[in-house]
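Q: sharing a model prediction with you, sequence too.
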There are 2 protein chains.
Amino acid sequence: MSDLGHRLVELLGAAHVLEGTDSPDDAHDESLAVAHGTPAFVVRPASTADVVGIVAACRESGTPIVARGSGTGLSGGANAPDGAVVVCFDRLTDVTIDDVDHVAVVGPGVTLAQLDTAAREHGLTYPVRPGEQSASLGGTVATNAGGMHAVRYGVTRAHVLGLEAVLVDGTVVRAGGRLAKVSSGYDVVQLLTGSEGTLALVTAVVVRLQPFLPVRRTVLAPFPDLPTTTAAVARVVGSGLAPALCEYLDDPTMEAICAAADLSLGIPDDVRAEADAYLVVELVGRRAERVDEDLAELGELLTALGAPDVYALPEGSARRLVEAREQTFWTIKARGADEIVDVVVPRSAMAEFIGRSREIGAAYGSRVLGCGHAGDGNVHFAVFQPDPDALESTLHEILAAGVALGGAVSGEHGVGRAKAAALAELGDPGALAVMRRVRAALDPDGLLNPGCGVTPT
Amino acid sequence: MSDLGHRLVELLGAAHVLEGTDSPDDAHDESLAVAHGTPAFVVRPASTADVVGIVAACRESGTPIVARGSGTGLSGGANAPDGAVVVCFDRLTDVTIDDVDHVAVVGPGVTLAQLDTAAREHGLTYPVRPGEQSASLGGTVATNAGGMHAVRYGVTRAHVLGLEAVLVDGTVVRAGGRLAKVSSGYDVVQLLTGSEGTLALVTAVVVRLQPFLPVRRTVLAPFPDLPTTTAAVARVVGSGLAPALCEYLDDPTMEAICAAADLSLGIPDDVRAEADAYLVVELVGRRAERVDEDLAELGELLTALGAPDVYALPEGSARRLVEAREQTFWTIKARGADEIVDVVVPRSAMAEFIGRSREIGAAYGSRVLGCGHAGDGNVHFAVFQPDPDALESTLHEILAAGVALGGAVSGEHGVGRAKAAALAELGDPGALAVMRRVRAALDPDGLLNPGCGVTPT
């Protein structure tokens, strides 16, 4: 074992320092097509002081540091370079619920499922649902994870009120707190949120909780074509009905997730045959009679906007459909998708973006299917293209099309290693200049997650 | 006229370059006790290119640059040092409302009143109301302004989706956009929001708009003491009724604003005599019958929480009371307040903070009155103390008490020049280290609003 290894063992105990070769699953996340190396060590701190010690050992030996949550990321943000130290946060799992301030103070290793379960005991909820409830708080803060409920509640960024984090020089930063608002200098909380372990290692998080709304009703509306579908989205979001989710799925994706979940939604064959896409909209509230009344209004609105019929789903079917939608990644992975795409565009540009993406796919012989958080203009594609060059061209042109329409290379998965080159090429040069200067100012030697996020030049 | 002056005239035309001595009102904001100097020039750019040119001229002559909106700030953020160039944005006033994406693209010189009027024509609203509707978008972005509606809609930061800004080296930054979410590198939009003109000059803003909810109902509840009042706030916010405002006022402040507005709220004398504080809560919605039903529920809740009676205010009285509350600063200024305080604490600590602040005031013979955005834990005091040393001690101890309770030196007014020393003393050293490195990385020569915000060391 190297000097670094001995020092880490001295710090954490042998049980919490593994050789990278002994822990291959900790070397990568769930991304489909992002390379990774073999880390030197995988370590498990139990305190902020442990993290300070790890950072000191790595800094003095010039060793790259990769923070890792549950490993459910999809952009390779936790994919370790050869020789790195991977820092796993699964021993930092404290959860404190504060039902006066409506916040939770949590360790970065706490999962979304654990946090929401704890909050629900107080009549509260943590509504961020990026699709994988085993995701860790630390990981979702790193990627600024989104998910289906963002259309009503906002993404992770909207919920993070405070952070404790360790800089590469060992400085412990405590920013924000149990505060609903603050205007006391630069927002270090927001700077670190979404920074993918490239500026600091997060050791504690204060998040906002929401009152839990017990009543939920879900409708499914088939639409004849995508422009009609996406035009309806703006009207649904603008109605004031405040949907808790507003998802679109194209017909092949709907077929795939229903098949994978063995789910029949009772839509007649002739309606399915005419449908090119579907909207799924969920309303929530405190009183059943109001939500039912709103549901009727929503149904009339969707019909007026071009849905030939609107299906109010029974509670069990609705839950299973939403769960199946959350599992889309695993479904399309099982069907052999070669890569996935996460792009955000202005809601008004969604139909054009999806249309262009289909044309790009067709030009390269790639199959491009998708679904997405329509209320947010956030589109997810599965791309089927076995040829690596054709795959890369398809992906690149889709990202470029999104950016050309006023979008960004990632809506919620993060840049990671998957999109570092795309961000450097397609991002605004001025914004990239700010990012590079900030990164260099906080990590001058480039030890924090090198290769992830904004490139040095 | 100096070389700098000639260069600015060449760039902007003589009509848009004033000598600082000829434009004294542009040298400061509305802060009560913050010094300012005499700027060399006050300039009015009409385009982003103009701003790039101004910055180049200032950089080459080593001249400090102070951005100025409407001058309604309360922390001296726009108070100019001697010899500075003040950049006024009142010629950058484009407003474009996009009712599909529910955003507005606005010049920094647009006022909140102008933006909200434009949005309302599309059934939308910009709900940020810091109390002064003549505030500019640029100024509210610089200070991350809050206000009464933040309890429901969030502060300025929650609404800013995109920015165009000019760095001191002339780089034009375009970050974010008409996007509901994004995870594509560090959030430059959030970094610049609240940075008080110390990192860049903002030349355009993309803000989120909200559906306008036409029905509003307001209740006023007297409470016997402050702990009962603030304990009620958590229950109101946690009820799921989603109030659009939840304000507390102590009895002297209520008396003062009602007198200033010549407003009688019909509260019997014996109730007033027993009241130490009041809550004002507003509910909004799409349907009158629901809001009325919620209002009844809110009334029962407030009664159960200790309010001896609850008064549903007629629409006219409610509007006048809210307007009077928005004018509190002018009212207490007219009554001779020597300074104001804006502190945010956890909602749960509000009663203790107010109690301690009253004790601090008593110890120094200072009169400390107040009101605040109770739903957010954001407390505003007026301090009456003619002796400068006793005033300074009172203010300093109140800020320190707030920070000791987990709060921050400013909830919504910003650091400006008023609180730069307090932030440096009371802020978290780690968070301050991050702020200083970021400031130095983006403005290495310290030309952008020197003296405002985080201090260099």
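A: Looks like it arrived, so ask away. Residues are numbered from 1 along each chain as shown, chains lettered A, B, ... in the order given.

Q: bridged to the nearest residue to residue A:361 once chain neighbours are set aside, which residues?
A: The shortest distance from residue A:361 to any non-neighbouring residue, by C-beta to C-beta, 6 or more residues apart in numbering or on different chains, is to residue A:368 (3.4 Å). Where C-beta positions appear, they are placed from N, C-alpha and C, glycine not excepted. On the basis of DSSP bridges, residue A:368 is bridged to residue A:383.

Q: got any ranges where chain A has weak pLDDT?
A: Along chain A, the model assigns pLDDT under 70 to no residue.

Q: mind giving me the domain ranges of it?
A: A:3-90, A:95-211, A:215-329, A:336-419 (automatic domain parsing).

Q: including mean neighbour count, could the ones you listed go into TSV?
A: Shown next, in TSV, are the domains of chain A (neighbours: other C-beta atoms under 10 Å in any protein chain shown):
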stretch	mean neighbour count
domain A:3-90	20
domain A:95-211	24
domain A:215-329	18
domain A:336-419	22
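
Q: out of these, the one nearest residue B:223 is which?
A: Taking C-beta to C-beta, domain A:95-211 is the member of those nearest to residue B:223, at 16.9 Å.

Q: what's the end-to-end length of the closest one?
A: In domain A:95-211, first residue to last residue: 18 Å (C-alpha to C-alpha, to the nearest Å).

Q: residues from the stretch 151-300 of chain A in reach of chain B?
A: Counting by C-beta under 8 Å from any C-beta of the partner chain, the stretch 151-300 of chain A comes close to chain B at A:151, A:154-155, A:157-158, A:167, A:171-175, A:177-188, A:190-191, A:193-195, A:199, A:211, A:213, A:234, A:237-240, A:286, A:290.

Q: in strands only, show me these.
A: Members of those lying in strands (criterion: DSSP state E): A:172, A:173, A:174, A:175, A:211.

Q: so who does the third one touch?
A: Think residue A:174. With contact taken as C-beta atoms under 8 Å, 6 or more residues apart in numbering or on different chains, residue A:174 is in contact with A:162, A:163, A:164, B:428, B:430, B:431.

Q: who in the stretch 351-457 of chain A is up against chain B?
A: Listed as neighbours of chain B in the stretch 351-457 of chain A under the rule C-beta under 8 Å from any C-beta: A:373, A:375-378, A:406-415, A:419, A:423, A:427-435, A:437-442, A:453-454.

Q: restricting to C-alpha, output stretch A:159-175 in CSV.
A: Below are the C-alpha coordinates for stretch A:159-175, written out as CSV (Å, rounded to 0.1, in the frame of the first residue of the first chain):
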residue,chain,number,x,y,z
HIS,A,159,-34.8,23.4,-2.0
VAL,A,160,-31.2,23.8,-0.9
LEU,A,161,-31.0,26.5,1.8
GLY,A,162,-27.7,25.7,3.4
LEU,A,163,-24.6,23.6,2.9
GLU,A,164,-21.5,22.6,4.8
ALA,A,165,-18.6,21.8,2.5
VAL,A,166,-14.9,21.3,2.4
LEU,A,167,-12.7,23.1,0.0
VAL,A,168,-9.6,21.4,-1.5
ASP,A,169,-7.4,23.5,0.8
GLY,A,170,-9.2,22.1,3.9
THR,A,171,-11.3,25.2,4.6
VAL,A,172,-14.7,24.2,6.0
VAL,A,173,-17.5,26.4,4.5
ARG,A,174,-20.8,26.9,6.1
ALA,A,175,-23.2,28.8,3.9
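
Q: off-centre distance for it?
A: Its chain's C-alpha centre and that of stretch A:159-175 lie 21 Å apart, by C-alpha atoms, centre = their mean, to the nearest Å.

Q: quick one: the residue lying closest to residue A:201 once chain neighbours are set aside and residue B:437, what's the gap?
A: Counting by C-beta to C-beta, 6+ apart, residue A:201 lies nearest to residue A:166, which is 4.8 Å off, once chain neighbours are set aside. Counting by C-beta to C-beta, to the nearest Å, the separation of residue A:166 from residue B:437 is 15 Å.

Q: residue A:170 too?
A: In this view, residue A:170 and residue B:437 are 14 Å apart by C-beta to C-beta.

Q: same question, residue A:246
A: For residue A:246, the distance to residue B:437 equals 40 Å [C-beta to C-beta].

Q: quick one: contacts for residue A:168?
A: With contact set as C-beta under 8 Å, 6+ apart, residue A:168 has these partners: A:55, A:59, A:65, A:200, A:442, A:443, A:445, A:447, A:448.

Q: hmm, try it at 7 Å
A: For residue A:168, the contacting residues are A:55, A:59, A:443, A:447, A:448, by C-beta atoms under 7 Å, 6 or more residues apart in numbering or on different chains.

Q: which element is the first one on?
A: It refers to residue A:55. helix A:48-61 (DSSP states H and E).

Q: rewinding a little: quickly name whichever of the contacts of residue A:174 is closest to residue A:263.
A: Nearest to residue A:263 among the contacts of residue A:174, with distances taken as C-beta to C-beta, is residue A:163, at 39.3 Å.

Q: which SS state does that closest one fall under?
A: strand (DSSP: H, G, I helix; E, B strand; the rest coil).

Q: re the thing from before, okay, the ones in strands among the residues of the stretch 151-300 of chain A next to chain B in a markdown table with distance to residue A:280 next?
A: Putting these into a markdown table (distance: C-beta to C-beta, whole Å) gives the following:
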| residue | distance to residue A:280 |
| --- | --- |
| A:172 | 44 |
| A:173 | 40 |
| A:174 | 41 |
| A:175 | 37 |
| A:211 | 23 |
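
Q: from those residues, which two are the most distant?
A: Greatest spacing in those, by C-beta to C-beta: A:172 and A:211 (32.9 Å).

Q: and the helices in the stretch 351-457 of chain A, which stretches?
A: Counting by DSSP state H, counting those that start in this stretch, the stretch 351-457 of chain A has helices at residues A:388-404, A:420-426, A:429-442.

Q: ok, and what's touching the longest one?
A: By C-beta under 7 Å, 6+ apart, the surrounding residues in contact with helix A:388-404 are A:338-339, A:341, A:343, A:345, A:353, A:356-357, A:360-361, A:364-366, A:381, A:383, A:385, A:409, A:422, A:426.

Q: please repeat the previous calculation with a cut-off of 8 Å.
A: Outside helix A:388-404, the residues touching it (C-beta under 8 Å, 6+ apart) are A:33, A:338-339, A:341, A:343-345, A:353, A:356-357, A:360-361, A:364-366, A:368, A:379, A:381, A:383, A:385, A:408-409, A:419, A:422, A:426-427.

Q: repeat for the second one
A: With contact meaning C-beta under 8 Å, 6+ apart, helix A:420-426 is reached by A:396, A:399-400, A:403, A:409, A:415, A:432, A:451-455, B:184-185.

Q: tell me the strands beside the helix or strand hosting residue A:281, with direction?
A: Assigned by DSSP H and E, residue A:281 belongs to strand A:277-285. Strand A:277-285 pairs in its sheet with strand A:215-223 (antiparallel), strand A:245-250 (antiparallel), by DSSP bridges.
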